[in-house]
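Undergrad: My questions are about this predicted structure, shown below with the sequence.
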Amino acid sequence: MIDPVQALAFSLSSTQGAYALLLGSGISRSAGIPTGWEITLELIRKLAKLEGHEPANPEDWYRERYKREPDYGELLDAVSKTPSERQQLLRSYWEASDEERALNLKQPTSAHRRIADLVSMNMVRVIVTTNFDRLLETALNDVGIVPFVISTVDQIKGALPLIHCKCCIVKVHGDYLDSRIRNTPAELAKYEPKLDKFLDRIFDEFGIIACGWSAEWDDALRTAITRAPSRRFATYWAARGTLGDKANSLLVQRAGTIIPIVGADAFFDSLHASVKALHEFAKPHPISKEMALANLKQYLTAPHLTLRLEELVLDEAEKAKRAIEDYAFPLRGDPKPDAEGFTFRIDAYDAAMETLVAMAAVGAYWATPQHTSIWRRAMEVIHNVGDTNNALYAWVGTAHYPGMILFYTVGLAALATNNVALISEVFAAESKSDGKNMTLVEQLPPMAAFNEDHGPSQFLKNYQKKQFAMNYYLHNKLRPLFSRIYPRDKAYDYIFDKFEILISLSFLWRNKRSGNSFWMPPGLWFHRSDNREAVFAELAKSLTERKDESPFAKGLFGDDWADACNRFVLLKEQTPQRFAQWYA
């Protein structure tokens, strides 16, 4: 069974910003910071001493003496008469003296530092805390992040939408420099309606990672969590020992997972290390990438080294496949697609595929007929989406992406040397989809994989609301890789459009759709009429003048020369109608 910290790390990494931290006094205890109630009791002792008493139980003494529950604000007024006096008194509880600083007391702990790192990595953007101290703010400032802090109801009105905040700290019990902090059972029993409404949004829209919070005293906070109508994301509760009855009831109600810990510092150290590892393990070391490319070039030059070339490419394909599988991104259920999660998945797959894609750009460019099957097998290793029944289209599309970027890389490199045979081989490679074998050219075009652009245009950062979003992303992602082969942007754009037109033609030929409906995956050539007409002219000339000798005559988008001509004419004739539909 997967370690719960690792499971949480996967959840954080795959849905960046989707979890809110819920932090209690246990986070700051190792820093020597007292809880609010401990300060209230200390204030009672000070008050009792002013009246000549030293009670063994300050709380009972206060109730008996004043016939009311202890009130933080009243106690402050009693022991300090001016705002300046109150401020100095409070600072002594939360701000370190020179002696305490020398002992590293009342300073951000390892937990605070690791939380700040998680925020800087965009893993967390919302923190709900019952603490009054400013250790989190200090740790965040140290990594260059100024959080938006909400410690009073008034501040909610001016708050940015949470999705636009780099970090928002909600101090539900207040800040130590404000005398309105909550301490007593009565104060903790009920929040103002505005704060309740704000917390309702957080606990409905975000998952929860609780640490250092017992849930025993904070009735209003427990009630806010219980009110949350949905379970969009999971609940994790990091706890030392056994949870109390109230905390356990909350965990059951949220269908949460308990994570046994020895302390907050160790927990956040472990979580931070796991999240960081997920980011780093899939990224090839620059030296290993350069060594792989050097070996590839050496093996390409000698026919007797073809077996070594095959082993090198397929070993790297298996390595990339293992990295991809380790992400374990779900295709159905939660998390629902959003910009953060969608873009993170694409970035993760890019990291896993980086070395293999770089190898493909060189290897497919120099490929000879004896190398053709190597790249077909590499494609078949990488592309394995599995069962997609009841899966979300956006997540299914992202699962196709590793095969998609390799597919485009091989195709663009092969077209530079007019190696149509290699393109035909890759187009014809097969993998299972929905229980049946389908060619890659039927599965990997972006508009086919993403159900006619459903997903990228909604969620892919910097490409949202852009038609053919994933096509544009691939075009821009691969441009630096082909800077030597195609130094001029115009030449690169032309070859990109030519490859996508060949995809459309091959799809028309291989995809057997019922009835007379016509559909093929469009591409950027829809947007570039000059390139489209030039490619059409090139294909027409080759088919007309060379006939059966044309590299496009058989096996790419037709059974024979006549079939290929018919397919080509069909595409040209139907394209205006496709334009009318797409641009309606």
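TA: Noted; the coordinates are in hand.

Undergrad: so where does residue 149 fall, helix or strand?
TA: Under the criterion DSSP states H and E, the helix or strand holding residue 149 is strand 148-150.

Undergrad: ok, and what's touching that strand?
TA: Outside strand 148-150, the residues within contact range by CB atoms under 8 Å, 6 or more residues apart in numbering are 137, 155-156, 159-160, 165, 167-171, 175, 198. For every residue, glycine as well, the C-beta is placed using N, CA and C.

Undergrad: Looking at those residues, which are in helices?
TA: Using DSSP state H to define helices, the subset of the contacts of strand 148-150 located there is 137, 155-156, 198.

Undergrad: Next secondary structure after the helix or strand residue 311 falls within?
TA: Applying DSSP H and E as the criterion places residue 311 in helix 306-327. Where DSSP H and E defines the elements, the next helix or strand beyond helix 306-327 is helix 339-365.

Undergrad: Among the ones in helices among the contacts of strand 148-150, the buried ones, what's the PyMOL command?
TA: Applying 16 or more other CB atoms under 10 Å to those leaves a buried subset, and the PyMOL line that selects it is:
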select buried, resi 137+198
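
Undergrad: quick check: domain ranges of this protein?
TA: When the chain is parsed into structural domains using automatic domain parsing, the resulting residue ranges are 4-31+108-275, 36-102, 283-485, 489-584.

Undergrad: can I get the ones you listed in TSV with mean pLDDT?
TA: Below are these laid out as TSV (pLDDT from 0 to 100):
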stretch	mean pLDDT
domain 4-31+108-275	87
domain 36-102	80
domain 283-485	87
domain 489-584	82
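
Undergrad: circling back to that earlier point, now the contacts of strand 148-150 in CSV, please, with extra columns for distance to residue 39.
TA: As requested, the contacts of strand 148-150 are exported to CSV (distance: CB to CB, whole Å):
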residue, distance to residue 39
137, 19
155, 22
156, 25
159, 27
160, 31
165, 29
167, 26
168, 25
169, 20
170, 21
171, 15
175, 13
198, 26
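
Undergrad: Which member of those is positioned nearest residue 323?
TA: Minimum distance to residue 323 across the contacts of strand 148-150 is 29.8 Å, recorded for residue 167 (CB to CB).

Undergrad: How many residues are close by the closest one?
TA: Other residues near residue 167 number 23, with proximity taken as other CB atoms under 10 Å.

Undergrad: can you check residue 105 too?
TA: Here the count is done by other CB under 10 Å, and residue 105 has 14 residues near it.

Undergrad: ok, it touching residue 34?
TA: No. Taking contact to mean CB atoms under 8 Å, the distance of 11.4 Å between residue 105 and residue 34 leaves them out of contact.

Undergrad: before we move on, the earlier item: partner strands of the strand holding residue 149, with direction?
TA: Under the criterion DSSP bridges, strand 148-150 sits next to strand 168-171 (parallel) in its sheet.

Undergrad: for whichever helix or strand comes after the strand it pairs with, packing partners?
TA: Beyond strand 168-171 in the direction of the C-terminus, DSSP H and E gives the next helix or strand as helix 185-189. Helices and strands in packing contact with helix 185-189 are listed as helix 219-227; criterion 3 or more CB pairs under 8 Å, 6 or more residues apart in numbering; DSSP states H and E.

Undergrad: List the buried residues of the helix it packs on.
TA: Of the residues in helix 219-227, those buried under the neighbour-count criterion (16+ other CB under 10 Å) are 219-222, 224-225.

Undergrad: again, but for stretch 263-276
TA: Under the neighbour-count criterion of 16+ other CB under 10 Å, stretch 263-276 has 263-265, 267-268, 270-272, 274-276 buried.

Undergrad: and that stretch, how far from the chain's centre?
TA: Here the centre of mass of C-alpha atoms in stretch 263-276, compared against the chain's by CA atoms, centre = their mean, to the nearest Å, lies 19 Å away.

Undergrad: Show me the strands in the stretch 1-150 of the chain, by range?
TA: Counting by DSSP state E, counting those that start in this stretch, one finds strands in the stretch 1-150 of the chain at the ranges 19-23, 124-129, 148-150.

Undergrad: what's the neighbour count on the residue nearest to residue 380 when sequence neighbours are not counted?
TA: With sequence-adjacent residues excluded and distances taken as CB to CB, 6 or more residues apart in numbering, residue 380 is closest to residue 429, at 5.3 Å. For residue 429, the neighbour count with other CB under 10 Å is 21.

Undergrad: Tell me who's in contact with residue 429.
TA: Contacts for residue 429 (CB under 8 Å, 6+ apart) come out as 376, 379-380, 383, 439-440.

Undergrad: Inside helices: which ones of these?
TA: With helices taken from DSSP H, the overlap with those comprises 376, 379-380, 440.

Undergrad: Skipping its backbone neighbours, what lies nearest residue 306 in space?
TA: Across the structure, with CB to CB, 6+ apart as the measure, the residue nearest residue 306 apart from its sequence neighbours is residue 370 (5.5 Å).

Undergrad: is it true that the one you found touches residue 303?
TA: Yes. Between residue 370 and residue 303 there is a contact under CB under 8 Å: 6.9 Å.
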